[in-house]
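Trainee: Here is a sequence with its predicted model. Questions after.
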Amino acid sequence: MIRIRRRIACRGLAVVLAAVTVLPVGTTALAAPAPPVHAPGPEVELVPGVPPGPAQPWQIDTPDQVLAPGVYTPGAEEDAVEPRDAARGTYDLVEYVPLADAVQRVACSKRIGPYQRGVERWLKLKVDGKQSAADCRAIRAFQVTYGIKPAIGFAGPVTWATMQLIGAQENPNAAGKCPVRGYRVACVDLDRQLTWVQKGKKVVYGPVPMRSGRAGHRTRTGWFKIYWKHKNHWSTLYNSPMPYAQFFSGGQAFHAVYGSIYTTVGSWGCVNLRLPDARKLWGVLKTGDHVYVWGRRLGA
């Protein structure tokens, strides 16, 4: 029983949002360093603003593993099988918005978003943590430019994550928080929810957006090594895939998910990636490569 309880810590939870079914199918400037922002509000207050892709469930979590997997050497035949592609639309930038805004299909939200101050600062607006008509117009313009749906000016997690990614494109390690070494280091920035790989000062992969562990199941910080790679890893307990899994700390691994990585609640400890990003990372990292994790996910 104790073993089962420990393993259940990584079980995915599906949430059916019946009220959202009435919604229609959705229609660089160099950023300053990411400022501190307030932790996001409870997940129950925010829902996807438009329906997701045709094969993407209303899912807020994924089936990660709290216990280390049974390690073995996959045969050539197994390794030759590539994980299935994600359905079209799976990784669309669908913002999480207040349920009332989603149901009423507002054109411009009057509500204060969980990342209000950070978004105001990024857009060089008056930083007061209050949603004004001018704020909404500026946020909405940003959302339209970067294809975030619905573009209703709400300062939600997808808008903020997009800003973080844009700001990190030129030099993700500008703050020097990921140690520079002569070997490959997979850098996992929990503060900005970004990951990249660098060798020396050269970035050889990324940065890409990610999702780390939630409160109570944080992704462990510090130095680790990739100790097992399993391209077609499958959670037998939950009968769910963990494509391109690269384990670095017990049951915590880099792996792809067939769903949004932008939910305000984190994973159960793993570093979740979009499938194309996880596939590319699979080709970059080797067994024995170093992983460095630092920071803290907001709300975790």
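Mentor: Perfect, I can see it now.
Trainee: Identify the bridge partners of the nearest residue to Leu46 once chain neighbours are set aside.
Mentor: Leaving aside its chain neighbours, Leu46 sits nearest to Tyr96 (4.0 Å; criterion: Cβ to Cβ, 6 or more residues apart in numbering). Where C-beta positions appear, they are placed from N, C-alpha and C, glycine not excepted. Beta-bridge pairing for Tyr96 (DSSP bridges): Pro48.
Trainee: residues touching Tyr96, list them.
Mentor: Tyr96 is in contact with 46-49, 156-158, 262-264, counting by Cβ atoms under 8 Å, 6 or more residues apart in numbering.
Trainee: tell me the phi and psi of Asp101?
Mentor: Phi and psi for Asp101, reported as degrees, to the nearest 10, are phi -60, psi -40.
Trainee: how close does it sit to Phe154?
Mentor: 7 Å (Cβ to Cβ, to the nearest Å).
Trainee: for Ser132, same thing?
Mentor: 13 Å.
Trainee: With neighbour numbers in mind, choose between those two.
Mentor: Phe154 (33 against 13; other Cβ atoms under 10 Å).
Trainee: where's the more buried one relative to Ser109, distance?
Mentor: For Phe154 relative to Ser109 (Cβ to Cβ), the value is 4 Å.
Trainee: Over to Glu78?
Mentor: 48 Å.
Trainee: Comparing these two, which shows the higher neighbour count?
Mentor: A count of neighbours by other Cβ under 10 Å puts Ser109 above the other of Glu78 and Ser109, at 26 against 12.
Trainee: A helix includes the more buried one, no?
Mentor: No. Read with DSSP: H, G, I helix; E, B strand; the rest coil, Ser109 is coil and lies in no helix.
Trainee: Would you confirm that it contacts Pro98?
Mentor: Yes. Under the criterion of Cβ atoms under 8 Å, Ser109 makes contact with Pro98 at 7.3 Å.
Trainee: what touches both of the two?
Mentor: By Cβ under 8 Å, 6+ apart, Ser109 and Pro98 have these common neighbours: Phe154.
Trainee: residue contacts, Arg168?
Mentor: Small correction: residue 168 is Ala, not Arg. Taking Cβ under 8 Å, 6+ apart as the test, what Ala168 contacts is 174, 192, 194, 196, 207.
Trainee: Can I have the buried ones of the residues you listed as a ChimeraX selection?
Mentor: Here is the ChimeraX command that picks out the buried ones among the contacts of Ala168, judged by 16 or more other Cβ atoms under 10 Å:
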select :192,194,196,207
